[in-house]
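Below: sequence and its predicted model.
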Amino acid sequence: MKRRDFLSAGFVGTLGVVSVLSQSQCGGGATTPDDPNAQRTFTSTSNSGHTHSITIQRTEIQNPPAAGITRQTSSSGGHTHTFTMTQAELQTVNGGGSVGITTSVSDLHDHAFTITKWF
């Protein structure tokens with residue numbers, strides 16, 4: 001193989017690799033990365049020696065459901081609590097306000113959460 005043929009083949013090979021990598025975006029595809037602000041996990045105050053957590057979706061703050069949101073906290077000490085926010089409370093957070101939420105009573109105690117806008 002002559003030097004010119006060798007260099008030409010090397011150049012064509014390099015173009016092929018660049019083309020493949022740009023089409024595959026180095027394996028990343030054309031998808032967008034997960035939004036780190038799509039949700040936030042809040043931790044309650046400590047009561048009876050433990051805390052609980054709750055995760056709220058950004059969409060629940062930006063477009064609060066008419067019925068608000070209700071869900072169970074994380075389990076700790078073998079129990080959970082019910083966490084509820086009204087539509088008005090979600091709207092307050094969306095407007096930049098802070099809302100204090102007290103959970104249901106379970107095992108003779110409750111927990112408090114402070115919910116603020118994170119995005």
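Nice, thanks for sending it over.

show me what contacts the residue nearest the centre of the chain?
Note on the chain: the residue nearest the mean C-alpha position is Q39, at 3.2 Å, using C-alpha atoms, centre = their mean. Neighbouring residues of Q39 by C-beta atoms under 8 Å, 6 or more residues apart in numbering: T55, I56, Q57, R58. Placement of C-beta: from N, CA and C, glycine included.

Which members of the residues you listed are classed as buried?
I56, R58 (16 or more other C-beta atoms under 10 Å).

In strands, which of the contacts of Q39 appear?
Of those, the ones assigned to strands by DSSP state E are T55, I56, Q57.

With respect to G97, which of those residues is nearest?
Checking the ones in strands among the contacts of Q39 against G97 with C-beta to C-beta, the nearest one is I56 at 14.4 Å.

which non-adjacent residue is nearest the closest one?
Ranked by C-beta to C-beta, 6 or more residues apart in numbering and with sequence neighbours excluded, the top spatial neighbour of I56 is R40, at 6.0 Å.
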